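# Provide a 3D model corresponding to the input given below.
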Amino acid sequence: MLSVTTWVARATHFLFQEPTRFLTVEFHAQVQLDTDLTIMTIQHFLTLKDLPVSDVRGIVERASDLKNDPNLAANVSRKTLGLVFEKSSTRTRAAFEVAMTQMGGSSMFLKSSDSQLGRGEPIEDTSRVLSRLVDCIALRTDKHSKLENFAEHSRVPVINALTDEFHPCQLLADMQTFIEKRGDISGRSVAWIGDGNNVCQSYINAAEVFNFELRISCPKGFEPDKNLLSNNAKRVCLIKDPILAVKGTDLVVTDVWASMGQEKEQKERASAFKNFQVTSELMSFANESALFMHCLPAHRGEEVSSDLIDARDSVVWDEAENRMHSQKALLEFLI
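Next comes the predicted model:
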């Protein structure tokens, strides 16, 4: 099969040498171009399930390698990461920008108010344009379906930088952190205490990918997606009592009670979640070597007691740092 470049070159040749055949050759060149674009596989990272298990685990392992020796990272000079964020961010944005800089590339940040998205441009049109200019795009938005639509119309890899349903980049860092501290997480048990939100739902996917048991304890009405739970019933279960959920586990995880966009529900949620705060006392029911994680930002005194977040079994600062190393490994894999 001739390459697109070859076809275009031949079309140009016929234009000057055999003008009567130009229209025919131009048509074939376009067909070849369209065919090549159609069969070209673009690997996105919208959830942990988008990649084979071996690749996800490989990215986490690579992240630790890059952390130990940054010189191992691929050189992505002259490549640009587009960051399109419709929601605020600290760790995700900083991690992506630093990762690209350390690998010799660059990043371009756009928020809704800076782009035509803020004026109602269809997101698929934004995708069509930006994917012609950059080499990879990380999108942070609300509905996961919007992310899927964006990826469907992109010519370059698209990364989920957070949606209301999933936050897979966080799980790469969490898995890296646990493995660095305690070894393989396969066969271990994890307790999620609090809202069945996007990070919780990414933990459900991670339970299958990394082969661990996940116990979720949350108030009635705040459970994760029912279909997601039923599809992962072999490794995931709901336990109403936080103490029973935490008992004998190797990792305890929580997140804010009201995620971005739910600020108006803060008081209502504070009442519903009052018995689901992770404290040092609750951690005492976990295994002696159990770790505590929180994706941050944390509301000290709400979902987690202030003393626990700074305790010896808390690894939230390593977890935050590993966002950069794991996202660097992800970029290296995709670009």
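# Could you list which residues are in contact with Q176?
By C-beta atoms under 8 Å, 6 or more residues apart in numbering, the contact set of Q176 is V60, A63, S64, N322, H325, S326. (C-beta placed from N, C-alpha, C; glycine too.)
# Pretty sure the first one sits against A329.
Yes: in terms of C-beta atoms under 8 Å, V60 counts as a neighbour of A329; the distance is 7.4 Å.
# joint contacts of those two?
Between them, V60 and A329 share the contacting residues L172, judged by C-beta under 8 Å, 6+ apart.
# What ranges does the stretch 201-335 of the chain have for its helices?
Applying DSSP state H, counting those that start in this stretch to the stretch 201-335 of the chain gives helices spanning 226-231, 242-246, 266-272, 280-283, 306-309, 316-334.
# Looking at the ones you listed, which one is packed in the most?
helix 316-334 (a mean of 23; mean count of other C-beta atoms under 10 Å).
# What helices and strands are in contact with it?
helix 53-68, helix 91-102, helix 168-182, strand 291-294 (3 or more C-beta pairs under 8 Å, 6 or more residues apart in numbering; DSSP states H and E).
# how far off helix 91-102 does whichever helix or strand comes after the longest one point, in degrees?
What it means is helix 53-68. Remark: after helix 53-68, the chain's next helix or strand is strand 80-85, criterion DSSP states H and E. Relative orientation of strand 80-85 and helix 91-102, computed by axes from the mean of the first three to the mean of the last three C-alpha atoms, to 10 degrees: 170 degrees.
# how many other residues sit next to D250?
Look at D250: counted by other C-beta atoms under 10 Å, it has 19 neighbours.
# gap between the closest residue to I243 other than its chain neighbours and G248?
Excluding the flanking residues, the one nearest I243 by C-beta to C-beta, 6 or more residues apart in numbering is F285, at 5.4 Å. Noted for F285: a distance of 8 Å to G248, by C-beta to C-beta, to the nearest Å.
# neighbour count winner among those two?
F285 (17 against 12).
# In contact with that one, which residues?
F285 neighbours (C-beta under 8 Å, 6+ apart): I243, V246, K247, G248.
# In a markdown table: these, plus distance to E265 and pLDDT.
Shown next, in a markdown table, are those (distance: C-beta to C-beta, whole Å; pLDDT from 0 to 100):
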| residue | distance to E265 | pLDDT |
| --- | --- | --- |
| I243 | 26 | 98 |
| V246 | 25 | 98 |
| K247 | 30 | 98 |
| G248 | 33 | 98 |
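# Tell me which two in these are the farthest apart.
Maximum pairwise distance among the contacts of F285 (C-beta to C-beta): 10.9 Å, between I243 and G248.
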